[in-house]
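1. fold the following for me, if possible:
(chains A, B and C)
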Amino acid sequence: MRDRVRTIVYMVIVTAVATALMTGAKFLVEDRIRTNERLFQNRAELYGLGVIPLTERLHPAEVERLHEARVKRAEEDSQVWLDAYDEEGVAPTAVGIEFRGQGFWGPIQGILSADPSGEKIVGLYISSHQETPGLGGRIAEQEFLSQFKERPIPEADPEGAYRLWQPTDAITGATRTSESMERILNKATADLMQRMGEEQ
Amino acid sequence: MPAPKTNRVFMDGVWHENPVFRQVLGICSTLAVTNLLRNTLVMVAGLIWTAAMANVTFSLLRNATPRRIRIMVQVLVISTYVIVLHLVLQAYLPEISRDLGPYVGLIITNCILMGRLEAFASSNPPWPSFVDGIGCGVGYGFILIGIAVVREILGFGTVLGFPVMGAWWTRWTLMVMPAGAFFMLGVFVWACRRIWMAGEGKEKPA
Amino acid sequence: MSPPYTPLVILVGAAFTENILLVNYLGMCSFLGVSREMKAAAGLGAAVTLVLSVSCTLNYLVNTYVLMRLDMLHLQFIAFMLIIAATVQLLEMIIERFSPRLYYALGIFLPLITVNCAILGVCLFMSIRNYNLAQSAAYGAGSGVGWWLAIVAMAGIRQRLQTARLPKGLDGPGITLIIAGIMALAFTGLAGMLNIR
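-> Numbers count the residues shown, from 1 in each chain, chains lettered A, B, ... in the order given. The predicted structure is shown next:
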């Protein structure tokens, strides 16, 4: 009986100490983790809206300043809309959408944006995916993303679909991922154009 | 039993009782993270930290812990250090933390840690336990780094992200996928065992 | 937001197109250790499937109704491990009561299921992918079936290998890993047929 009690007491003490240590560690780094998350999100939006080129790696303070001055984020029915403005924060430079779709291995999330007149794409960024590194994973690479910049948005076809994706955009060896990206990007373009149409 | 000599303990962990090719422990992570050298280095550092700290801690508790809950206490000790590591990674190396995903948490079930706590730290003083943790971590580490270098070069043509193969190189993408991981590890285990067998001059048990 | 897959798709997907052992590398240690002999492999596979199904479901409940509600997600690993340990302990008691033969056959490997990385790994994936209750149960069960399949297939192959002459040093983990690689190659062909992420 004494043995049982001792065992339980020991277990409780060790668990309590362990929990205390972990909770303590969590409190210490919580803010930093939140800052990191926000930094990642802000940076993604700056890339996706074409505010900074994909090759540029900005200092966190710069990211914060730029994002604060030039990006506005709005959420409507779990859909995120982004607007970019010039340095003074007055004239719009891009209208963007946060898109999410099913890739080959998992969800693909990113940001697509067009210029305010809806004529061409000004930015594309993939913020998360689970595709095969080196193959489908190349959708997150600068080489793939930059081919969409400055691309004119085609007219909608009779069904209302926008064919932004070109056959040459496909990644060799990543057929399924490419098919998914075609679907995802065309839909994102359609959603974006619809919203821009509504604005006017 | 007199405490084992530090040198011997360390070398056992690194080679003679190498966790990967001798004890066949820690295989899951060996396969999962070795497609990129960068992730491997972080995993190895994480494991050395956890192995050393968990070994010391459990060694200090070894006489007070009732036998029945030994395993639970081991799990708690390991979990605490891994969670702290995970939090530190999320805070200070967020991109790597993103890439490593659930595999950091899986350090908890890395059999090397449980195996050493049970086989060594539960019956040895703190200092040799600490050295054993580091030794096993290093032994695990050099095998992983070896595999990762090969897989990354063949699979991506890079080392730590820097291209080392010219444009003529066609990537062996299979190396980056599960089958490649299994093959590489199998070959490495084979090679190490051969070398080890030659060194010991006796038949090793399968 | 839970992904839009029916539990049945997840069950089959977890067993085949995303086999936790051959694709996600989980549960390797006991796989390498126990796959020599068919009876032990089949028994362990069944035990792992049971533990996976039960603990994945329980961990979903704990994760959703306790950890998330009380903002204690940083304790996720520990909570999951405690549930898994309790499940294994319970299973051990049940097996000992109803089938002492199986209990002795499994021996030390039964309590070692607790630290089988496949169990914790499956639970973590379940949490990351935001599966709902039915999906979690299906994912646990499917992953178990997949692991069971892999270890039984390996045991069958290794039993045949006993009469083969292998180069020195390759016997044991070396050849098992290479065979696993070939099996993984075969399973790669199934990739993408069913999406469960």
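
2. tally of neighbours for the nearest residue to C:A85 once chain neighbours are set aside?
-> Leaving out its chain neighbours, the residue that sits closest to C:A85 by C-beta to C-beta, 6 or more residues apart in numbering or on different chains is C:T114, at 4.9 Å. The way it works is simple: take the backbone N, C-alpha and C, and place the C-beta from them, glycine included. Counted with other C-beta atoms under 10 Å in any protein chain shown, residues neighbouring C:T114 total 24.

3. before we move on, what about A:E179?
-> A:E179, neighbours per other C-beta under 10 Å, totals 14.

4. what about it, helix or strand, and which?
-> For A:E179, the host element (DSSP states H and E) is helix A:175-199.

5. residues in contact with that helix?
-> Residues from elsewhere that reach helix A:175-199 (C-beta atoms under 8 Å, 6 or more residues apart in numbering or on different chains): A:79, A:81, A:95-97, A:99, A:101-105, A:108, A:112-114, A:118, A:121, A:124, A:131-132, A:135-136, A:139, A:148, A:153, A:156, A:160-165, A:169-171, C:192.

6. what about chain B: which of those residues touch it?
-> With C-beta under 8 Å from any C-beta of the partner chain as the criterion, the subset of those in contact with chain B comprises A:132, A:135.

7. and the buried ones among the contacts of helix A:175-199, selectable in PyMOL?
-> The PyMOL selection below is limited to those of the contacts of helix A:175-199 classed as buried (16 or more other C-beta atoms under 10 Å in any protein chain shown):
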select buried, chain A and resi 81+95+96+97+99+103+104+105+108+112+113+114+121+124+131+132+135+136+139+148+153+162+164+165+169+171
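
8. which residues does the residue in chain C positioned nearest to chain A contact?
-> Proximity of chain C to chain A (C-beta to the nearest C-beta) peaks at C:R197, 3.7 Å away. By C-beta under 8 Å, 6+ apart, C:R197 lies in contact with A:105-107, A:130, C:3, C:18, C:129.

9. how about the helices in chain C?
-> Taking DSSP state H as the test, the helices found in chain C are C:7-15, C:28-34, C:38-62, C:76-98, C:100-106, C:117-128, C:133-161, C:173-188.

10. tell me the most buried of the ones you listed?
-> helix C:117-128 (a mean of 26; mean count of other C-beta atoms under 10 Å in any protein chain shown).

11. what helix or strand is A:R32 on?
-> With DSSP H and E as the test, A:R32 turns up in helix A:2-48.

12. regarding chain B, what is its longest helix?
-> helix B:126-156.

13. which residues touch the helix or strand that comes right after that helix?
-> Scanning forward in sequence from helix B:126-156 by DSSP H and E, the next helix or strand is strand B:158-159. For strand B:158-159, contacts defined as C-beta under 8 Å, 6+ apart pick out B:37, B:149, B:152-153, B:164-165.

14. at 7 Å instead, please
-> Applying C-beta atoms under 7 Å, 6 or more residues apart in numbering or on different chains, the external contacts of strand B:158-159 come out as B:37, B:149, B:152-153, B:164.

15. any weak-confidence spans in chain B?
-> In the predicted model of chain B, residues B:1-3, B:101-102, B:201-206 satisfy pLDDT under 70.

16. give me the buried entries from the contacts of C:R197.
-> A:105-107, C:3, C:18, C:129.

17. for the residue positioned nearest the centre of chain B, give me its contacts.
-> With distances taken as C-alpha atoms, centre = their mean, B:Y140 lies nearest the centre of chain B, 3.9 Å away. Contacts for B:Y140 (C-beta under 7 Å, 6+ apart) come out as B:19-20, B:26, B:44, B:47, B:112.

18. and which of the residues you listed is nearest to chain A?
-> Proximity of those to chain A (C-beta to the nearest C-beta) peaks at B:L47, which lies at 18.5 Å.

19. got the buried residues for the longest helix of chain B?
-> Residues B:126, B:128-141, B:143-144, B:146-156 are the ones in helix B:126-156 that count as buried (16+ other C-beta under 10 Å).
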